[in-house]
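In: Sequence and predicted structure below; questions after.
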Amino acid sequence: MAREPGLTANDVLVAVTTLSFDIAVLELYLPLTVGATVVIATHDETVDGHALGCLLERHCASVMQATPVTWRLLLEAGWTPRTAFKALVGGEAMPEDLADQLIAGGIELWNMYGPTETTVWSTCARITNTSNGITIGKPIANTTVRVLDVRKSLCPVGVPGELCIGGDGVALGYWNRPELTADRFIPDPFGTTPGATLYCTGDRARWRNDGTLEHLGRLDFQIKLRGFRIEVGEIEAGIAQHPAVREVAVIAREDTPGDKRLVAYLVAENPPADLVGQLRALVRAAMPEYMVPAHFVMLKALPRTHNGKLDRKAMPAPSLGDGLPSAVAVDPRTPSEEMVASVFRGVLGRTDFGVFDNFFDLGGHSLMAARIMFQLRAASGLDLPLRVLFERPTVSALAEAIDALVWAASSRQQPALAGDRVEIEL
């Protein structure tokens, strides 16, 4: 990594990855090996594009590694680098429009690829334009990449197969999971080193004529959503626990470019009126927020192929109402509520909600949250931290927070929003 993408003692790298993720290894150890400077961002800064942009400017940062959603947060907050800057993008597929925006800002852009099982990265590519698509490049040093068919034979150039990775980065296997280890970590049939192992990623790829790799998605139903690896079967199993649910299928949809969402399709028998609310609560109690579907779509039957298999590609696009709680919508009652509701409408692209409806239940997610707070800062003139929306995710509660800050400022009191906590006295 010090050679390519490259890092020198003159660089300042801002680390945004939590230490529980393998990607943090590069952010901490690589700068130390070359004498570069590491600036560790706080959690609040990593989820707030405005705050993160200020951090980058304050320390004259020259390098940062992050998922596509974090780069979008920065760009949506109006950040542009003032000096030479290198962006490493990984964790999930890089959208072409994001790449175009970063390149247009004069940024040296690198696309990084590598599953956790081959920590940290396995391939990389310098992206200078997207006219021929975005590749994941070539293997890094001490790494072997093979594209294999179902018989574990090498695929010719241009023929898709499973991406398998060997070399020094390959893990020993899964802890206390010998069956899974034997399935995913196999002897390298083409290796010359005794005991060489390949990790079968489950990713679909092919070699291009120019010698680079093109990533073609997953062979199974595992997905990447805003940097998180998600097994939709786990979500389906959780939803299926509800006694009214007969069948369920969960997929990721990107009906709006750059806005990928989880959608759950249901066939229910004698469903209660508040089934969607019950299902959200069921999933939320057992799984992290990013695994809660943004939409729940009720169907009479799940679409199937001519041979009876579930046809995930035939699932209909969700309508706005599929993400709305069943409670009666209450219209804005104060100027502050109207201001917040107006911003919600623009970002969410819908008007059918009330002041007590939860932003995240309406289909909102972390990237939308950053847009909300960016627009509210501009509309109110207040320095609102992003965490306020996560702790007060309704129009009513968010408007109360804004009113409290306005009152504190007019009374020449210290604003209650300070430090690491949100404390608003009403």
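Out: Done, it's in.
In: show me where the chain has helices.
Out: Secondary structure of the chain (DSSP state H): helices at 24-34, 43-46, 49-58, 68-76, 96-104, 178-184, 232-239, 275-286, 335-348, 366-380, 387-391, 395-410.
In: Quick check: mean pLDDT of the fifth one?
Out: Here helix 96-104 scores 92 as its mean pLDDT.
In: Who is the spatially closest residue to A125 that is not a sequence neighbour paired with across the strands?
Out: Closest residue in space to A125, ignoring its immediate chain neighbours: G137 at 2.7 Å, by C-beta to C-beta, 6 or more residues apart in numbering. Where you see a C-beta, it was placed from the backbone N, CA and C, and this is true even at glycine. Following DSSP bridges, G137 is listed with bridge partners L213.
In: ok, now how distant is G137 from D210?
Out: 10 Å (C-beta to C-beta, to the nearest Å).
In: any idea which of the helices of the chain is most buried?
Out: Comparing those by mean neighbour count (mean count of other C-beta atoms under 10 Å), helix 68-76 ranks first with a mean of 22.
In: Correct me if wrong: E57 contacts R82.
Out: Yes: between E57 and R82 a contact is recorded at 6.6 Å, counting by C-beta atoms under 8 Å.
In: okay if I get the helices of the chain as JSON lines plus distance to C200?
Out: Listed next are the helices of the chain as JSON lines, based on distance: least, C-beta to C-beta, whole Å:
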{"stretch": "helix 24-34", "distance to C200": "23"}
{"stretch": "helix 43-46", "distance to C200": "32"}
{"stretch": "helix 49-58", "distance to C200": "36"}
{"stretch": "helix 68-76", "distance to C200": "25"}
{"stretch": "helix 96-104", "distance to C200": "28"}
{"stretch": "helix 178-184", "distance to C200": "5"}
{"stretch": "helix 232-239", "distance to C200": "18"}
{"stretch": "helix 275-286", "distance to C200": "29"}
{"stretch": "helix 335-348", "distance to C200": "40"}
{"stretch": "helix 366-380", "distance to C200": "31"}
{"stretch": "helix 387-391", "distance to C200": "37"}
{"stretch": "helix 395-410", "distance to C200": "46"}
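In: what about the residue nearest to C155 when sequence neighbours are not counted, how many neighbours?
Out: Distances taken as C-beta to C-beta, 6+ apart place G161 nearest to C155, at 3.8 Å, with adjacent residues excluded. The tally of other residues near G161 (other C-beta atoms under 10 Å) stands at 22.
In: per-residue confidence at the residue nearest to the spatial centre of the chain?
Out: Nearest residue to the geometric centre of the chain (C-alpha atoms, centre = their mean): R226, 0.5 Å. Listed pLDDT for R226 reads 74.
In: ok, it to H365 distance?
Out: 7 Å.
In: Could you do D22 as well?
Out: Counting by C-beta to C-beta - D22 and H365 are separated by 24 Å.
In: go on, V283?
Out: For V283 relative to H365 (C-beta to C-beta), the value is 15 Å.
In: try D168
Out: 36 Å.
In: If you count surrounding residues, which of the two has more?
Out: H365 (20 against 10).
In: What residues does the more buried one make contact with?
Out: 226, 261, 290, 294 (C-beta atoms under 8 Å, 6 or more residues apart in numbering).
In: quick one: which of those residues is most hemmed in?
Out: A294 (22 neighbours).
In: That residue and G277: what is the separation?
Out: With C-beta to C-beta as the criterion, A294 and G277 are 14 Å apart.
In: roughly how far apart are the closest residue to R253 other than its chain neighbours and L362?
Out: With C-beta to C-beta, 6+ apart as the criterion, R253 has its nearest non-adjacent residue at 5.2 Å, and that residue is V263. Distance from V263 to L362, counting by C-beta to C-beta: 14 Å.
In: what's the answer for S336, then?
Out: Distance from S336 to L362, by C-beta to C-beta: 19 Å.
In: Thanks again, I'm all set now.
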